[in-house]
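Engineer: Can you look at this prediction? I've put the sequence above it.
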Amino acid sequence: RLFVDYPNAWADVFLAASRIEMGFDPALGFVRQSGVQRVAGSARLLPRPHRWGVRRLEFKPLEFDINWNLDGSLNNAFYEVRPLAAAFESGDQFEINLQHRVDVPSDSFDIFDGAVVAAGRYGWNRAELQFESSSARPIGVAVTGGVGGFYDGHSEELGYELTARLEPHLTAGLEGGWEWVRMPAGSFSAQAHRVRLDYATNPRLNTTLFLQWDNESNRLAVNARIHWIPRPGSDAYLVWNTT
């Protein structure tokens, strides 16, 4: 893998190229996809107008992530343009994204119960709007909305995140989303929701509870953990998971 990144106060330019052999399975870490050659990059402009309560504007002329199979045929690609984003002095921020995706599955696959995507080449466009409130507030809110193509169909999606910071011990989070998809092979509505509670009794003892539900499996998954630090450098965990 080779990459170059040039971040500074007014711009950030990134370019990377990598090759991952077929069947590569690292003992540590992970790779998103094996048997591909990948080129990715982005360019962001970050002017600071110092007016209208805006701390920083952001314009992204192009971000791209292109993956080819080792024989040179296209596997998948992602392109994004950000015509406008802003971070305010209050800590609130928003962004508008225009996206184009290409996927070339070699085999058909189930994307949801009863909906199958056939092998072939697909390309589609989407528009996305994101808003996130300041993390300095006791209650934080983030909302994402998207609309556009989806393989050979159409979809709308709505995501949310709600975080409550009840100092000094408790942090609670609720997040999830819905996606409504219409395809020739079938229409469906997918949703998933997650709850996370973190409680710190003191700097050396904390507990975490994580709940997740989705309508495809219609199952509630639970993860509970107690983390104790008897002395700096030593950690003990007690973890319970549903199966």
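Structural biologist: Good, I have the coordinates. In this text the structure is predicted, and so the values were computed from the model without any measurement.

Engineer: Residue 178 and residue 193 touch, don't they?
Structural biologist: No. Residue 178 is beyond contact range of residue 193, at 9.3 Å (criterion: CB atoms under 8 Å). For the C-beta atoms, the positions are set from N, CA and C on the backbone; glycine is no exception.

Engineer: Quick check: residue 101 vs residue 43, distance?
Structural biologist: Applying CB to CB, to the nearest Å, the value for residue 101 to residue 43 is 19 Å.

Engineer: what helix or strand does residue 107 sit in?
Structural biologist: Using DSSP states H and E, residue 107 maps to neither a helix nor a strand.

Engineer: With only the CA atoms kept, save stretch 232-243 in PDB.
Structural biologist: Extracted C-alpha coordinates of stretch 232-243, given in PDB (Å, rounded to 0.1, in the frame of the first residue of the first chain):
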ATOM      1  CA  PRO A 232      -2.800   1.000  35.900                       C
ATOM      2  CA  GLY A 233      -1.800  -1.400  33.200                       C
ATOM      3  CA  SER A 234      -4.100  -4.200  34.400                       C
ATOM      4  CA  ASP A 235      -7.600  -4.800  33.100                       C
ATOM      5  CA  ALA A 236     -10.300  -7.300  33.900                       C
ATOM      6  CA  TYR A 237     -13.500  -7.800  31.900                       C
ATOM      7  CA  LEU A 238     -16.800  -9.600  32.500                       C
ATOM      8  CA  VAL A 239     -18.800  -9.900  29.300                       C
ATOM      9  CA  TRP A 240     -22.200 -11.400  28.600                       C
ATOM     10  CA  ASN A 241     -23.600 -11.800  25.000                       C
ATOM     11  CA  THR A 242     -26.800 -13.200  23.700                       C
ATOM     12  CA  THR A 243     -26.500 -15.900  21.000                       C
END
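
Engineer: Now do it: distance to the chain's middle.
Structural biologist: Put simply, stretch 232-243 sits 26 Å off its chain's centre (CA atoms, centre = their mean, to the nearest Å).

Engineer: Contacts made by that stretch with the rest, please.
Structural biologist: 220, 221, 222, 223, 224, 225, 226, 227, 228, 229, 230 (CB atoms under 8 Å, 6 or more residues apart in numbering).

Engineer: Filter the residues you listed down to just the buried residues.
Structural biologist: residue 227 (16 or more other CB atoms under 10 Å).

Engineer: Just name the closest of the contacts of stretch 232-243 to residue 73, please.
Structural biologist: residue 221 (37.5 Å; CB to CB).

Engineer: what about the closest one, which helix or strand?
Structural biologist: Applying DSSP H and E, one finds residue 221 within strand 219-231.

Engineer: Looking at residue 101 and residue 43, which one has more neighbours?
Structural biologist: Set side by side, residue 101 and residue 43 show more neighbours around residue 101, with 19 against 16, by other CB atoms under 10 Å.

Engineer: Wait, that one touches residue 80, no?
Structural biologist: No. In this structure, residue 101 is not within contact of residue 80 by CB under 8 Å, at 9.3 Å.

Engineer: low-scoring stretches of this structure, by residue?
Structural biologist: Counting by pLDDT under 70, the chain contains low-confidence ranges at 243.

Engineer: Measure how buried residue 151 is and give me the count.
Structural biologist: Around residue 151 there are 21 residues (other CB under 10 Å).

Engineer: show me the contacts for it.
Structural biologist: Contacts of residue 151 (CB under 8 Å, 6+ apart): 103, 111, 117, 122, 124, 183.
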